[in-house]
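Student: 3D model of this:
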Amino acid sequence: MTHFCPSCWSEIGAECLCLVCGTDIEEMSTATYTEKLLQALYHPEPTVPVRAATILGQLGSTSAVEPLIQLAALTPDLYLQEAAIRALGQIGDARALPLLNKLRREGAVRVRIAANEAVGALSRETNRK
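Tutor: Numbering: from 1, shown residues only. I've put the predicted structure just below:
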């Protein structure tokens, strides 16, 4: 089994201290589930960040809005970008609207579709309030 440092995502063994960044692995075990998911957005194994973004959206985690916005704006991975956009739509925070509106007009088709759906979800949420 391969283990990764939860801070820098370097491959580690069974050490209690990451030899690359110095993170105390035992101390990181006290992080909340949301904090761990936010860290996982930058995991090197490509399916992990997609799964983390999806879960953050399902949880409706407002603390994930800014990291998801940043991720959706900067990642070259279209699947991760799509997952971040969908999560932002599920969370329903208006802070995501400027980026979502931009992505509705540009980028890959799957990204534009996800952004359009997320804006629709945000609009419905705003109308309910």
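Student: please make it C-alpha for all contacts and neighbour counts, starting now.
Tutor: OK.
Student: among the helices and strands of this structure, which one scores worst on average pLDDT?
Tutor: Averaged element by element with mean pLDDT, DSSP states H and E, the chain has its least confident helix or strand at helix 25-28 (a mean of 76).
Student: pull the residues that contact that helix.
Tutor: Counting contacts by Cα atoms under 8 Å, 6 or more residues apart in numbering, the residues outside helix 25-28 that touch it are 5-6, 15-18.
Student: point to the residue nearest the middle of the protein.
Tutor: Nearest to the centroid of the C-alpha atoms of the chain, with distances taken as Cα atoms, centre = their mean, sits Ala53, at 3.7 Å.
Student: in which helix or strand would I find it?
Tutor: If you go by DSSP states H and E, Ala53 is part of helix 47-59.
Student: and Val119, how far from Cys8?
Tutor: 33 Å (Cα to Cα, to the nearest Å).
Student: ah, wrong one, I meant Leu100
Tutor: For Leu100, the distance to Cys8 - Cα to Cα - is 29 Å.
Student: so which of the two has more stuff around it?
Tutor: Between Leu100 and Cys8, counting by other Cα atoms under 10 Å, Leu100 is the more crowded of the two (26 against 16).
Student: how about the more buried one: what's its closest non-neighbour residue?
Tutor: Closest residue to Leu100 apart from its sequence neighbours, by Cα to Cα, 6 or more residues apart in numbering: Ala115 at 5.2 Å.
Student: related to what we said a few turns ago, ok, the residue nearest to the centre of the chain touching Gln90?
Tutor: No: the pair Ala53 / Gln90 is not scored as a contact, 10.7 Å apart, by Cα atoms under 8 Å.
Student: ok, Phe4 - contacts?
Tutor: Applying Cα under 8 Å, 6+ apart, the residues contacting Phe4 are 10-13.
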